[in-house]
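Q: let me see the structure of the following:
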Amino acid sequence: MPRYRGDPLSESRTHADGVIGHFIIGKEGKSDLVLSPDATHFIVLEAKISSPLSSGTRNAPYYDQAARNVACMTETLRLSNRSPAEMSDLAFYVLAPEERILAGAYDKEIDPRSIRAKVERRVSDYGGKRDAWYSDWFEPAIEHMEIGVISWEEILTRLGKEDKRASDSIYDYYALCLEFN
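A: So this is what the prediction gives:
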């Protein structure tokens, strides 16, 4: 968030495609998300069909969507005063078609080493003012966090096993998504 009006390092809020866990939305403002005081689950999902993860932001072209999501999750933990060690489920997943996953479309971006390097570079833009956040919050969070990709096909198969009646219509809808993005 901006430190002052016209802050050249600031960015707008991140908009997650999905969040699973123990949280409250709209406590402070209509678009905020705050973890519940006793939260143990915090999972953020980024949904893709044919597009890649966003490559950067206006003020940091190297700061891609995966790095930004993981950093924003870390900041949510900090603002909620929830240590990563207190979380039994802490994860960032990209949901994508199996074909794109097998082609390695997201491998580079979701590699924790890549995320670390991009967040560390972003922190360095602040000239030492965010170093404590990086060591005290980001490093423990990424160490505790599961980061990966899940295929839409896997999810649809699980849903179909749960509800055979919905299975055909869900697959039909997914086929249309693949066709029309």
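
Q: report pLDDT for the residue nearest to the spatial centre of the chain.
A: Nearest residue to the geometric centre of the chain (Cα atoms, centre = their mean): Asn69, 3.8 Å. Here, the pLDDT recorded for Asn69 equals 94.

Q: now the helix or strand hosting it: buried residues?
A: For Asn69, the host element (DSSP states H and E) is helix 65-79. Neighbour counts over helix 65-79 (16 or more other Cβ atoms under 10 Å) mark 65-78 as buried. For the C-beta atoms, the positions are set from N, CA and C on the backbone; glycine is no exception.

Q: immediately after that helix, which helix or strand?
A: Counting by DSSP H and E, what follows helix 65-79 is strand 89-96.

Q: just list what the following helix or strand past that following strand packs against, helices and strands only.
A: For strand 89-96, the following helix or strand on the C-terminal side (DSSP H and E) is helix 98-102. Helix 98-102 sits against strand 146-151, helix 152-162, with contacts defined as 3 or more Cβ pairs under 8 Å, 6 or more residues apart in numbering; DSSP states H and E.

Q: output the contacting helices and strands for the longest one.
A: Using 3+ Cβ pairs under 8 Å, 6+ apart as the contact criterion, the neighbours of helix 152-162 among helices and strands are strand 89-96, helix 98-102, helix 164-180.

Q: and those, which is most packed in?
A: Stretch with highest mean neighbour count among these: strand 89-96 (a mean of 21; mean count of other Cβ atoms under 10 Å).

Q: partner strands of that one and their direction?
A: Strand 89-96 has the following sheet partners, assigned by DSSP bridges: strand 41-47 (parallel), strand 146-151 (parallel).

Q: just say which of those is most tucked in.
A: Most buried among the strands paired with strand 89-96, counting by mean count of other Cβ under 10 Å: strand 41-47, with a mean of 20.

Q: how far does that strand sit from its chain's centre?
A: Strand 41-47 sits 6 Å away from the centroid of its parent chain (Cα atoms, centre = their mean, to the nearest Å).

Q: tell me the angle of that strand relative to helix 164-180?
A: If you take axes from the mean of the first three to the mean of the last three Cα atoms, to 10 degrees, strand 41-47 sits at 50 degrees to helix 164-180.

Q: strand 41-47 - what's its average pLDDT?
A: Mean predicted confidence for strand 41-47 is 94.

Q: then stretch 19-30?
A: 81.

Q: now that stretch: buried residues?
A: Buried, per 16+ other Cβ under 10 Å, within stretch 19-30: 21-23.

Q: secondary structure class for the nearest residue to Arg122 once chain neighbours are set aside?
A: Leaving aside its sequence neighbours, Arg122 sits nearest to Tyr63 (Cβ to Cβ, 6 or more residues apart in numbering; 5.2 Å). Using DSSP: H, G, I helix; E, B strand; the rest coil, the structure places Tyr63 in coil.

Q: run a quick neighbour tally on Tyr63.
A: 21 (other Cβ atoms under 10 Å).
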